[in-house]
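In: starting from these lines, generate the structure:
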Amino acid sequence: MQAETKTKKYNRQKRENRYGAMFVTPYICGFILFQGLPFLIAIGLAFTNVRYISKIHDAKFIGFGNFIKMFHDQTTMDALGRTALYSLLYVPLIMIIGFTMAYLVNKGIHFKNLVRSMFFLPYVANMVAVSVVFTLLLGPKGPFIKALLAIGVENPPFFLYDMKTALPTVVCIAVWKGVGLNLITYLAALQGVSGDLLEAAEIDGAGKIKRILHVIIPMVSPTTFFLLISSVITSLQNLTIIQVLTQGGPGQSTTVMSINIIRTAFTRFETGYASAQAVVMFVIVMVFTIIQWQGQKKWVNY
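Out: Here you go, the predicted structure:
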């Protein structure tokens, strides 16, 4: 009887494994075909001088030539610096605003569900549509500029058309677009914070700020760790919003690495050089992730 039961369990487990493999196979095939294979091809092209992908058979191996060229190319270095600036602005903003809004919603405010929906809807909205709307709103003849002129501002800032304000404006729009995910994720984490801990801290004389700093933030640190890594990666995947809003302008003020790679590959047709830039960006993300993964042992509480 026991042998028959074990056989049934084994057959059932085997059947479930087979069904599971059937469900994940389409995703794995799609990942290999559209992400894994192009990634490996890009690594190979990064060490060649190929200019046109159609003439890949004429490519010559040049070793680290493209990488050396990249670090001597002022345009690329400037784009890398703007990418770092974009991330330094985007990541703290979206983390702080997401946590603050989640804390306020979790504490209990009027129309809580409406507020939560209002912040999350932009996240699921189409990026191109959002960018087009803000282009119209912040344009020289847009309603925002007209409102500033109407209240007496003589020289209103042209947010997307000024070299000093274009990049911060794009960052703010991107934060508005993506903060909903951080809010929902932090809200779920805050609802799991033990009320007993907060009550014990309050009895011990901890004020609201100290309870946030020494109880709530450590308790949601695993969520912070996850959102930190995902926010950094998102900040580097900024091609769509910048391309629609500013096309890398005015001048080169919003030309980050994603824009620079596209221009190198499809405007100057330096496929090998563009691949080298993409590989460097991948290495930067990987190194940052590894550092965070090792560092989280010191500040993340599971």
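
In: which of the helices or strands spans the residue sitting nearest the centre point of the chain?
Out: Note on the chain: the residue nearest the mean C-alpha position is residue 234, at 0.9 Å, using CA atoms, centre = their mean. For residue 234, the enclosing helix or strand under DSSP states H and E is helix 221-236.

In: which parts of the helix or strand following that helix are buried?
Out: Next helix or strand after helix 221-236 toward the C-terminus (DSSP H and E): helix 239-245. Residues of helix 239-245 classed as buried under the neighbour-count rule (16 or more other CB atoms under 10 Å) are 241, 242, 243, 244, 245. C-beta coordinates here come from the backbone N, C-alpha and C atoms, glycine included.

In: thinking again about what came up before, hey, C-alpha coordinates of the helix holding residue 234 in CSV?
Out: What follows is helix 221-236 as a C-alpha-only set of coordinates in CSV (Å, rounded to 0.1, in the frame of the first residue of the first chain):
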residue,chain,number,x,y,z
SER,A,221,14.9,47.3,4.4
PRO,A,222,14.4,44.1,2.2
THR,A,223,11.9,46.1,0.1
THR,A,224,14.3,49.0,0.0
PHE,A,225,17.0,46.7,-1.3
PHE,A,226,14.8,45.3,-4.0
LEU,A,227,13.5,48.8,-5.1
LEU,A,228,17.0,50.2,-5.0
ILE,A,229,18.4,47.7,-7.5
SER,A,230,15.3,47.9,-9.7
SER,A,231,15.3,51.7,-9.7
VAL,A,232,19.0,51.9,-10.7
ILE,A,233,18.3,49.5,-13.6
THR,A,234,15.2,51.5,-14.6
SER,A,235,17.2,54.8,-14.5
LEU,A,236,19.5,53.3,-17.1
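
In: buried stuff in that helix?
Out: Here helix 221-236 shows 221, 223-225, 227-232, 234-236 as buried, counting by 16+ other CB under 10 Å.

In: show me which of these is closest to residue 122.
Out: Using CB to CB, the shortest approach to residue 122 within the buried residues of helix 221-236 belongs to residue 234, at 13.8 Å.

In: show me where pLDDT drops low in this protein?
Out: Using pLDDT under 70 as the threshold, the predicted model of the chain has low-confidence ranges 1-4, 53-57.

In: in it, which spans are strands?
Out: With DSSP state E applied, the chain shows no strands anywhere along its length.

In: with residue 209 as the reference, measure out to the residue nearest to the centre of the chain.
Out: For residue 234, the distance to residue 209 under the criterion CB to CB, to the nearest Å works out to 29 Å.

In: got a markdown table for the buried residues of helix 239-245, with distance to residue 162 too?
Out: Putting those into a markdown table (distance: CB to CB, whole Å) gives the following:
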| residue | distance to residue 162 |
| --- | --- |
| 241 | 18 |
| 242 | 15 |
| 243 | 19 |
| 244 | 18 |
| 245 | 13 |
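
In: residue 195: which of those residues is nearest?
Out: Where the buried residues of helix 239-245 are concerned, and distances follow CB to CB, residue 195 has its nearest neighbour in residue 241, at 39.8 Å.

In: dump the residue contacts of that closest one.
Out: For residue 241, the contacting residues are 127, 130, 131, 170, 173, 174, 177, taking CB atoms under 8 Å, 6 or more residues apart in numbering as the criterion.

In: let's see it at 6 Å
Out: Residue 241 sits next to 127, 131, 174 when contact means CB atoms under 6 Å, 6 or more residues apart in numbering.

In: what's the answer for residue 245, then?
Out: Taking CB under 6 Å, 6+ apart as the definition, contacts of residue 245 comprise 131, 135, 160, 170.

In: ok, of the residues you listed, which come out buried?
Out: Among the contacts of residue 245, the ones that count as buried by 16+ other CB under 10 Å are 131, 160, 170.

In: show me the helices in the stretch 201-302 of the chain, by range?
Out: 208-211, 217-219, 221-236, 239-245, 257-266, 271-299 (DSSP state H, counting those that start in this stretch).

In: possible to save the ones you listed as JSON lines with distance to residue 156?
Out: Supplementary listing: those in JSON lines, determined by distance: least, CB to CB, whole Å:
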{"stretch": "helix 208-211", "distance to residue 156": "37"}
{"stretch": "helix 217-219", "distance to residue 156": "39"}
{"stretch": "helix 221-236", "distance to residue 156": "28"}
{"stretch": "helix 239-245", "distance to residue 156": "18"}
{"stretch": "helix 257-266", "distance to residue 156": "27"}
{"stretch": "helix 271-299", "distance to residue 156": "36"}
